[in-house]
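S.K.: Task: produce atomic coordinates for the following.
(chains A and B)
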Number of protein chains: 2
Amino acid sequence: MIDTVPAYGLQSTNISQQEILQRKKTAVLVDGVILNGPIVDSKAGEKFVEDACKIIMEEVIQKATDVTEKVCEWQPPEKLKKLLDLEMRDTGEPHQRLLQLCQDVIRYSVKTNHPRFYNQLYAGMDYYSLVARFITEALNPSIYTYEVSPVFLLVEEAVLKKMIEFIGWKEGDGIFNPGGSVSNMYAMNLARYKFCPDIKEKGLSGLPRLVLFTSEECHYSMKKAASFLGIGTQNVYFIKTDERGKMIPEELEKQVQRARKEGAAPFLVSATAGTTVLGAFDPLDEIADICEKHGLWLHVDASWGGSALMSKKHRKLLHGIHRADSVAWNPHKMLMAGIQCCALLVKDNSDLLKKCYSANASYLFQQDKFYDVSYDTGDKSIQCSRRPDAFKFWMMWKALGTTGLEERVNRAHALASYLVDEIKKREGFRLLLEPEYSNICFWYIPPSMRNMEEGPKFWEKIHRVAPIIKERMMKKGSMMLGYQPHHGKVNFFRQIVISPQVSREDMDLLLNEIDLLGGDL
Amino acid sequence: MIDTVPAYGLQSTNISQQEILQRKKTAVLVDGVILNGPIVDSKAGEKFVEDACKIIMEEVIQKATDVTEKVCEWQPPEKLKKLLDLEMRDTGEPHQRLLQLCQDVIRYSVKTNHPRFYNQLYAGMDYYSLVARFITEALNPSIYTYEVSPVFLLVEEAVLKKMIEFIGWKEGDGIFNPGGSVSNMYAMNLARYKFCPDIKEKGLSGLPRLVLFTSEECHYSMKKAASFLGIGTQNVYFIKTDERGKMIPEELEKQVQRARKEGAAPFLVSATAGTTVLGAFDPLDEIADICEKHGLWLHVDASWGGSALMSKKHRKLLHGIHRADSVAWNPHKMLMAGIQCCALLVKDNSDLLKKCYSANASYLFQQDKFYDVSYDTGDKSIQCSRRPDAFKFWMMWKALGTTGLEERVNRAHALASYLVDEIKKREGFRLLLEPEYSNICFWYIPPSMRNMEEGPKFWEKIHRVAPIIKERMMKKGSMMLGYQPHHGKVNFFRQIVISPQVSREDMDLLLNEIDLLGGDL
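M.R.: Got it, this is the predicted structure:
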């Protein structure tokens, strides 16, 4: 049914013999290339897209909510290499073959949309954001100037404004960028610029050691950022956390004083709202007091926890966030806007972002354009080409309304509460700590160990349980769930609840499945 | 036709009364949220995606090759805000309304796929890469671990290997990342790490001033990178270029010596293969000699020009590139892989990327996994979530073969040659310089000025010509073409030829249209 005629080249099906003759007559040959007419067979191309879309609809979208499907079809790397035909050759492949490749790619990919994918801080399928992403891919825009991206720049402005409102600032600025890690880098550099604008031109050489503070539960991107920005990982002072994973303000105060005594230059505190493993929220209000006292920039990495701002019930987790100077927030996580959708938001409204980041490229940001060039916001970015990631969040927001987004957050919390209660009730499951958010961390204790004394040997054995169960669940394809050792605690499961496709029944099944997979250990 | 029943909430159409009753019976209420069953109406969601896909197919994909369509439908910002309904509200909108929004977004967006979009270093429509991008969006992967992205990590490995082969290295490493600017940052940080690994931990404070060299025609991201990485823009030494925009090796030698005399620490030369405005290629072989002599890392920013490596005829433009330590190359530009598709490639094969960038997050990169964790390549990145951008290039390469990609490059060059000849023949057009690549830079001299003496007054008037013609073409929607002033030269047009959808006839039309739009000036 699908034609196997090469879609590329003059011999394609929808160009008639007459046309070819006509072209030959008026042919212009330059460097051996015939320059008449386009060389793409657009009809065949469109047909290919159509056929592929059918596969995507059937194999990904329609199966996204089907719990009878596998989450993953595990193959070890060397075997998967053989199953996929990865090699790129001199000649192209026919459409039929390419469609088979599409099917293989889908088959062996992990279904992150699946209701039982709990492995990362994203999951599920949002149909509205998906449509926005399809539009983006088809239009292929880059958002640096209003001239080439009028709609997407206005959408970004509107979304940023709304996010700023939810943080509780009267005004502000921001930029969508490729990830929470990059957002944190933006913030770190911005805080540094505010601290000493000369660094933009002169660099750090010859300056006193800059020091920043963040909790020991922070995301690993803080270290990456400090290293990338030339600050150095040793100049990230990690602040102790309490038993729930929250930064201890008194410890922060001590560390700031220590840095001062050392002759270093403290410039930034990065608090975390929703830590990656435990889902803990730092006490922002108390941290803000310390920042104010010492004149430090307060950044809040709310990449994960920011979405709680959408919920009237749960936004108290971020109490004090309006006092931050900058906030990282990823709607691609709990709100399901699709990877990536991440904003850095800045309280300053004096064009600090632009002052800090601009390079004034004259080929892009011409000042003699016929429209208001303040809409050419690309110079606020570290990127040149940039994707319109705000658009997918916007489309979702339009479709669901604030109420719908709020419902997502409330439901994730309620499901998490339910799961916590079940864990407490069930034999063989032990909660690591009472969660604040939708990260539920727990150990599974196999039947053979339930009467064992809880000494070093016990924990050594428990450490090996989660990896084995993980291997088994992946090979079975029944679900995916993360595990890790963490700050002296041996391997435990981290269950993330996100998707509105997930129900109480899935939570029950999760525990049953772990029991089933690990019962013999 | 499209149902207006809210797709979100329990009252959706495909949940029967009986089911609702059943749910009520077994309902579990936590925090006021009913946790039974999923709350997404997947049937309605799928229908929405289907309807939207029809619009995308008709309004974007099928129109992409239609020259009777407008390239853009210009609206000034304030008016466009009113035309679009940008506001995000408490309640969601029905599907019918959302589909209208999709249509509006498409209507007012610039058609970068249009055969007459020559405004940036990307253009056109590749059906194969588009399908890959749709698959990516539907599967929503993040590539850090083999566990969650088995296929896409293997694909990235295969594509990097092939690109490395085309550069002419025997081995190497690399990473896809969000843009040429970010690739350049990666390279700069890597060169710095190689120069002094301690910087990762200790930072730049107390170190001598690090200095890097690049030509005055380089991309503006070099300045952004130097500032972001804490090196400082003043420590970017800009090397003079010849009349064609190529770095002058003797000038480089002088500047390296100057930096040494100043007591600074030179560590990196960034050559450009395909400059943004003029499309110039630095003499890599001679620059490599100087780098070797002084022990400097050689980075080649081939974001734009790298694609010439695919052509046996034109790869000589990058003669000597195999001597580089790192290369930035964006297949989303001339090869049309879709924004963004950018790789940083590194000659080193001693895991330098990983050593430089790793932070060893234990929740993601567990070492006790059941498979070979060397496939978990995410720790080489500055990002955490990362998109599988190699995949779209791979799909395109599979479909077209190396020959098809080569044909794209050869055809763009041939079209550029043709246009250059036409510009030389035509009255009122003046070439800025003989191009090496597919950037054709030229002035348009309106009839009223053709007998004017070429003094300062003449150039002052010419400076105002391009902006006026640009305004007129955008308001008419007939085509889009860039212009800029550049290093003492007044505003000139920069025509970029990329798309295989473009033909000789389009080149003729381009000149006719400029004549038509500017004939009265």
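
S.K.: From here on, just use CA atoms for contacts and neighbour counts.
M.R.: OK.

S.K.: Any residues of the stretch 201-350 of chain A in contact with chain B? List them.
M.R.: Contact residues (Cα under 8 Å from any Cα of the partner chain) of the stretch 201-350 of chain A with chain B: A:201-210, A:220-221, A:223-225, A:227-235, A:277, A:338-340.

S.K.: List only those of the residues you listed flagged as buried.
M.R.: Neighbour counting with 16 or more other Cα atoms under 10 Å in any protein chain shown marks A:201-205, A:209-210, A:220-221, A:223-225, A:227-235, A:277, A:338-340 as buried within those.

S.K.: rewinding a little: give me the subset of the residues of the stretch 201-350 of chain A next to chain B lying in strands.
M.R.: Among those, the residues falling in strands (DSSP state E) are A:Leu210.

S.K.: Point out the ones among the residues of the stretch 201-350 of chain A next to chain B that are inside helices.
M.R.: Mapping those onto helices (DSSP state H) picks out A:201-202, A:221, A:223-225, A:227-228.

S.K.: Out of those residues, which is nearest to A:Leu130?
M.R.: A:Ser221 (27.4 Å; Cα to Cα).

S.K.: just checking, the closest one touches A:Ser183?
M.R.: No - the criterion here is Cα atoms under 8 Å, and A:Ser221 misses it with A:Ser183 at 9.5 Å.

S.K.: And the helices in the stretch 51-200 of chain A?
M.R.: Ranges of helices within the stretch 51-200 of chain A are A:77-83, A:95-108, A:127-139, A:150-167, A:180-195, A:199-202, based on DSSP state H, counting those that start in this stretch.

S.K.: Please read the previous query as pertaining to the stretch 401-521 of chain A.
M.R.: A:456-476, A:504-518.

S.K.: Tell me which of the ones you listed lies nearest to chain B.
M.R.: helix A:504-518 (5.2 Å; Cα to the nearest Cα).

S.K.: Not counting its own residues, what contacts that closest one?
M.R.: A:115-116, A:415, A:418-419, A:422-423, A:444, A:446, A:465, A:468-469, A:472-473, A:479, B:28, B:35-37 (Cα atoms under 8 Å, 6 or more residues apart in numbering or on different chains).

S.K.: cool, and stretch A:269-280?
M.R.: A:121, A:212-215, A:217-219, A:244-247, A:281-282, A:284, A:287, A:291, A:296-306, A:317-318, A:435-441, A:494, B:363.

S.K.: just checking, which of these belong to strands?
M.R.: A:212-215, A:297-301, A:439-441, A:494.

S.K.: from those, which single one is nearest A:Asp41?
M.R.: Distances from A:Asp41 to these, taken by Cα to Cα, are shortest for A:Asp301, at 48.2 Å.

S.K.: how much space between the closest one and A:Val346?
M.R.: 12 Å (Cα to Cα, to the nearest Å).

S.K.: can you check A:Leu511 too?
M.R.: Taking Cα to Cα, one finds A:Leu511 at 42 Å from A:Val346.

S.K.: next one: A:Glu156
M.R.: 14 Å.

S.K.: can you check A:Gln501 too?
M.R.: In terms of Cα to Cα, A:Gln501 sits 33 Å off from A:Val346.

S.K.: A:Glu243: neighbour count?
M.R.: For A:Glu243, the neighbour count with other Cα atoms under 10 Å in any protein chain shown is 9.

S.K.: Check A:Lys261 too.
M.R.: 10.

S.K.: Now for it: which residues touch it?
M.R.: Contacts of A:Lys261 by Cα under 8 Å, 6+ apart: none found.

S.K.: where does chain A have low pLDDT?
M.R.: For chain A, the stretches with pLDDT under 70 are A:1-26.

S.K.: The same query, at a cut-off of 50, please.
M.R.: For chain A, applying pLDDT under 50 flags the ranges A:1-14.

S.K.: still on that earlier bit, out of the ones in helices among the residues of the stretch 201-350 of chain A next to chain B, which is nearest to A:Phe48?
M.R.: A:Ser221 (40.3 Å).

S.K.: give the contact list for the closest one.
M.R.: A:181, A:184, B:359, B:382-384.

S.K.: Out of the residues you listed, which is nearest to A:Glu454?
M.R.: Using Cα to Cα, the contacts of A:Ser221 come closest to A:Glu454 at B:Ala359, 32.0 Å.

S.K.: My guess is that closest one contacts A:Met222. True?
M.R.: No - using Cα under 8 Å, B:Ala359 is not in contact with A:Met222; the gap is 9.4 Å.

S.K.: More neighbours: which of the two?
M.R.: Neighbours per residue (other Cα under 10 Å) separate B:Ala359 from A:Met222, with A:Met222 holding more: 24 against 20.

S.K.: quick one: that one and A:Asn184 touch, right?
M.R.: Yes - here A:Met222 lies in contact with A:Asn184, judged by Cα under 8 Å, at a distance of 6.9 Å.

S.K.: what's the burial count for A:Met125?
M.R.: 28.

S.K.: which residues touch it?
M.R.: A:64, A:113-114, A:336, A:499.

S.K.: could these be laid out in a markdown table, adding neighbour count and distance to B:Cys72?
M.R.: Shown next, in a markdown table, are these (neighbours: other Cα atoms under 10 Å in any protein chain shown; distance: Cα to Cα, whole Å):
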| residue | neighbour count | distance to B:Cys72 |
| --- | --- | --- |
| A:Ala64 | 23 | 36 |
| A:Asn113 | 27 | 35 |
| A:His114 | 29 | 39 |
| A:Met336 | 30 | 31 |
| A:Ser499 | 29 | 38 |
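
S.K.: ok, the residue nearest to A:Thr112 when sequence neighbours are not counted - how many residues close by?
M.R.: Nearest residue to A:Thr112, sequence neighbours excluded (Cα to Cα, 6 or more residues apart in numbering or on different chains): A:Ala123, at 5.5 Å. If you count neighbours by other Cα under 10 Å, A:Ala123 ends up with 31.

S.K.: Equivalent analysis for A:Lys425, please.
M.R.: A:Lys425 has 11 nearby residues by other Cα under 10 Å.

S.K.: Check A:His487 too.
M.R.: Neighbour tally, A:His487, other Cα under 10 Å: 9.

S.K.: And it, how far from B:Ser362?
M.R.: Counting by Cα to Cα - A:His487 and B:Ser362 are separated by 10 Å.

S.K.: now A:Leu284
M.R.: Counting by Cα to Cα - A:Leu284 and B:Ser362 are separated by 26 Å.

S.K.: Looking at the two, which has the bigger crowd around it?
M.R.: Neighbours were counted for A:Leu284 and for B:Ser362 using other Cα under 10 Å; A:Leu284 has more, 26 against 15.
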